[in-house]
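S.K.: Prediction below, plus the sequence it came from.
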Amino acid sequence: MTLKPLLEPVLLYTGLLGLLTVGTVYLATHSLLYILVLTAGGLLVVVLNGGTAGRTSLAGPENSDEGESEFETTGLVPQTNPDTPLRLVLLLYGLGVFLWCLVVLATLRNTLG
């Protein structure tokens, strides 16, 4: 199993977007409370996303005559990036927010008010 296809999403969602979120909250507030709430939010996204079950319906999704899912044909499911599943995006983003909050809490704890 090669991990090379995961490199781009990890760098984008965990590295860049997580850092931008935490950096924006820190620069805007300089508040320990907001950083702690953001840390808990990031951890919550990771835990809830990691615990999400697959299909729970016994019947499965309804298919049209052409074999496509009904949701996909009506446009009810947003198509952001077909290469990276939303579940992976949320997992990596929540992990990035959580880890960057820990870095801010460890390094800047004396400056937070």
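M.R.: Yep, it's here. Numbers count the residues shown, from 1 in each chain.

S.K.: Just give me the longest helix of this protein.
M.R.: With secondary structure taken from DSSP state H, the chain has its longest helix at helix 86-107.

S.K.: State the number of residues packed around the closest residue to residue 100 other than its chain neighbours.
M.R.: Once its chain neighbours are removed from consideration, residue 100 has its nearest residue in residue 22; the separation is 4.1 Å (Cβ to Cβ, 6 or more residues apart in numbering). For the C-beta atoms, the positions are set from N, CA and C on the backbone; glycine is no exception. Counted with other Cβ atoms under 10 Å, the neighbours of residue 22 add up to 25.

S.K.: show me what contacts residue 22?
M.R.: Under the criterion of Cβ atoms under 8 Å, 6 or more residues apart in numbering, the neighbours of residue 22 are 35, 38, 97, 100-101, 103-104.

S.K.: moving C-terminal of the host helix or strand of it, what's the next helix or strand?
M.R.: Element membership of residue 22 [criterion: DSSP states H and E] is helix 18-29. Moving toward the C-terminus from helix 18-29, the next helix or strand (DSSP H and E) is helix 32-50.

S.K.: residues in contact with that next one?
M.R.: By Cβ under 8 Å, 6+ apart, the list of residues contacting helix 32-50 from outside reads 18, 21-22, 25-26, 29, 87, 90-91, 93-99, 101-102, 104-105, 109, 112-113.

S.K.: Now tell me which helix or strand of this structure has the poorest mean pLDDT.
M.R.: Among the helical and strand segments of the chain, the one scoring lowest on mean pLDDT, DSSP states H and E is helix 70-74, with a mean of 48.

S.K.: circling back to that earlier point, packing partners of the longest helix of the chain?
M.R.: Judged by 3 or more Cβ pairs under 8 Å, 6 or more residues apart in numbering; DSSP states H and E, the packing partners of helix 86-107 are helix 4-9, helix 18-29, helix 32-50.
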